[in-house]
Every structure is written in C-alpha cells, then in structure tokens.
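[1] let me see the structure of the following:
(one chain, ligands or ions: 1)
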Amino acid sequence: MFNIVIVDDYGLVSSEAFKIMRNTLQSSEHPVLGLATGSSPVGLYKKMIADHNGNGTSYKKVTTFNLDEYIGIERNHEQSYYTFMHENLFDQIDIREENIHIPHGDREDMQAECIRYENELKKHEIDLQVLGIGTDGHIGFNEPGTPFDSETHIADLEEQTRRDNARFFEDDINQVPRKAITMGLASIMRAKKIIVIATGENKANAVYGMVKGAKDPSCPASILQDHDDVTVILDHAAASRLG
Ligand code: GLP
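    Model (predicted):
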C-alpha cells in the first residue's frame, strides 16, 4: 500500500521525509534506521543535522543499517558509501560509531560478509527504511532480475547504474565498481515503515514501475506493492507518469 506525497520541489520533498523521520525518532526509545546513499536522501540528512544542532535531537540511542556498499574500493575511498555516510550524516550528529552498520565491500571473503551482515540485520527490526530508486527501478543495489526472496548478496551492477553513478567518479564509467554488496529485497521488506524519495524526470519511469507496473523482478521496486506502510515522496517531475 502506497501513500503518495507530491510536492513542488526538492526542499519540500526533504521536509516531508524529515517529518516521518522525526516521528520515528520520537516514538521509540532505541530507534533502528535503515539508511540509503545517493543524492536523493541528502536533503533529509541535512534536515536531521540541522535538527540535531538546533533542537538537540540526540542519536546516542539510534542504530543504523545501510543498504549497500561498493565492492573493490577500500572503506576510506572518497566514493565508498562508508565515506559518503560519514561526510553527509554521521560525522555531524552524535551517533555512536559502534551503532553504525555498513556492509564491508573490501573483505577477502565477501560471501562470509553477506552472511555476517544479514545475521546482524536479523537481530534488529528496522523502524524506518529510507530508500532512493535507481532509474532502472533498483532499490539498494537490487538490480532488475533480483529475486524477491533475496537477502544480503553480491550484485553485478547494470551498465545503466554505472553510467548514472559515473558522475561521482570524475564522469568516468571505468572507475565505477562493477559489483556491490546489498541488502536483498526480502531484507528491505522486513522494515516496519519505508519511505522512498525520488525527484526529477529521469525517475518518472522507475516510479511508475514501482507504483503501477507489474509486480515483477524486472522492476525490483515493485516488490514494495506488497508492503503495508510505504510513503513515496516525489516532486511533480518524478510523479509525472502516475497520472
Ligand atoms: C544508487 C544507490 C541506491 C540509490 C540509487 C539512486 O546506485 N545504490 O541506493 O537509491 O542509486 O541514486 P540517486 O538518489 O543519486 O539518484
């Protein structure tokens, strides 16, 4: 079941997302957040930082799990999701480093890392999962064709995804990793509440596929049709195919 919120611009999209985040933070003693990378949630993270600085909202009792990480670059690489999350959120709030979970993409035995991460996830229940959506309908790095019952696994990135993300790698697709570790679709579906943030015309097809398309692994985000608490926050361009 989707609750669809359409607003005028990215600032308002981020404000809507933050309202839901604030409710989650206030309604639990030990909130567990599922977090995403990419440009879409950056405005939300800025609002969380401003709220922490302005209103003293504390993250000392918050636990986080990130969706995914590139394989083949080191943790401290400037484009790793570990670095992204620390720069865009964690370094600017009072979260404890030991409560931050991000899959490792630089382990020798990546299969063991998938199992370790999924087991850690299963010890917790995510109160709020933040998602963006790829132009091919991926969530996390669950590319088209990923089975709906997938748990944390190694994904081969689509050419389209690598092209989309080349902007972070000096516009050079050859520098974009070819593999990633990602929570699976079944792992994501265990979250109690989910928000999907999407803006811009280039997301319109993916948003349509998620909300109105066939529920099929060809659009991984369409699995969310089966979740009972998903809020999709869009600008008009991203919503333009919903009619
Ligand atoms: C990336 C991430 C996803 C993200 C998506 C969209 O590849 N793995 O978690 O949601 O692509 O990114 P953006 O928000 O920058 O458009």
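[2] run through who's touching the one helix or strand in the chain whose mean pLDDT sits lowest.
    Within the chain, confidence by mean pLDDT, DSSP states H and E is lowest for helix 159-165 among all helices and strands, at a mean of 94. Identification of contacts with helix 159-165 by CB atoms under 8 Å, 6 or more residues apart in numbering yields 134, 135, 136, 138, 141, 143, 173, 176, 178. Any C-beta I mention is one placed from the backbone N, CA and C, and that applies to glycine too.
[3] and those residues, which of them are in strands?
    Per DSSP state E, strands hold no members of those.
[4] next, the closest residue to residue 131 other than its chain neighbours: secondary structure please.
    Distances taken as CB to CB, 6 or more residues apart in numbering put residue 196 closest to residue 131, at 4.7 Å, once the chain neighbours are dropped. Three-state assignment for residue 196 (DSSP: H, G, I helix; E, B strand; the rest coil): strand.
[5] quick check: the gap between residue 69 and the ligand.
    Distance of residue 69 to the ligand, given as CB to the nearest ligand atom, to the nearest Å: 9 Å.
[6] which residues are there in this structure that come within reach of the ligand?
    36-40, 67-68, 132-134, 140-141, 161, 165 (CB under 6 Å from any ligand atom).
[7] ok, now with 5 Å
    Proximity of the chain to the ligand, by CB under 5 Å from any ligand atom, involves residues 36, 38, 39, 40, 132, 134, 141.
[8] can you tell me what sits against the helix of greatest length in the chain?
    The longest helix of the chain (DSSP state H) is helix 10-27. Helix 10-27 is contacted by residues 5, 7, 31, 33, 41, 43-44, 46-48, 51, 57, 62, 127-128, 130, 193, 195, 197, 199, 231, 233-235 when judged by CB under 8 Å, 6+ apart.
[9] so who does residue 189 touch?
    Residue 189 touches 223, 224, 226, 227, counting by CB under 8 Å, 6+ apart.
[10] separation between it and residue 145?
    To residue 145, residue 189 is 17 Å away according to CB to CB, to the nearest Å.
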